[in-house]
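J.: Whatever this is, show me its structure:
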Amino acid sequence: MAAKILPVVKLATKVTIAGGALYVACDSGLLGSSEQGSEALQKAKAAIPPAIEEWMKYFGLETQLPAMPEIEFSPLQSWNSGVRWTISTLSEAPTKATDYTSQGLQYLKDLTK
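T.: Take a look at the predicted model:
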């Protein structure tokens with residue numbers, strides 16, 4: 001009986017964690033428009049160093065953190081580049097399939113000679 005309950009508990013835990021992460025992302029505006037996402041990212045960048053320092057003091061570690069690296073990331077541009085790559089690959093697929101087929105046939109012809 002316990003063996004049947006364990007997978008259900010694991011699934012419930014995973015679903016709860018995923019739901020919580022999705023709620024936090026939606027609540028902070030990361031899944032909104034690009035303006036909302038960039039504002040949320042700026043807020044997160046500003047909040048991370050103080051939070052790390054607070055935890056370090058809590059655990060009794062007193063060290064100087066290095067400066068946070070500057071990361072320029074645009075979710076909108078990343079999405080668009082992925083869409084462009086997918087469409088480009090799909091549009092080239094028939095030509096590449098024809099080329100690969102002809103190369104395969106030529107290889108077979110060369111083997112039978």
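
J.: By mean pLDDT, point me to the weakest helix or strand of the chain.
T.: Every helix and strand of the chain was ranked by mean pLDDT, DSSP states H and E. The lowest is helix 34-58, at a mean of 68.

J.: Which helix in this structure has the most residues?
T.: Longest helix in the chain, counting residues (DSSP state H): helix 75-112.

J.: And it, what does it pack against?
T.: helix 34-58 (3 or more Cβ pairs under 8 Å, 6 or more residues apart in numbering; DSSP states H and E). C-beta: built from backbone N, CA, C; applies to glycine.

J.: tell me the domain boundaries of the chain?
T.: 1-63, 72-113 (automatic domain parsing).

J.: Report how many residues lie close to residue 99.
T.: 11 (other Cβ atoms under 10 Å).

J.: Relative to residue 105, how far out is it?
T.: 11 Å (Cβ to Cβ, to the nearest Å).

J.: thinking again about what came up before, which stretch in the domains of the chain is the model least sure about?
T.: With a mean of 69, domain 1-63 has the lowest mean pLDDT of the domains of the chain.

J.: Number of residues surrounding residue 74?
T.: 13.

J.: Now do it against residue 80, distance only.
T.: Distance from residue 74 to residue 80, by Cβ to Cβ: 9 Å.

J.: do the same with residue 12
T.: Taking Cβ to Cβ, one finds residue 12 at 37 Å from residue 80.

J.: And for residue 10?
T.: Distance from residue 10 to residue 80, by Cβ to Cβ: 37 Å.
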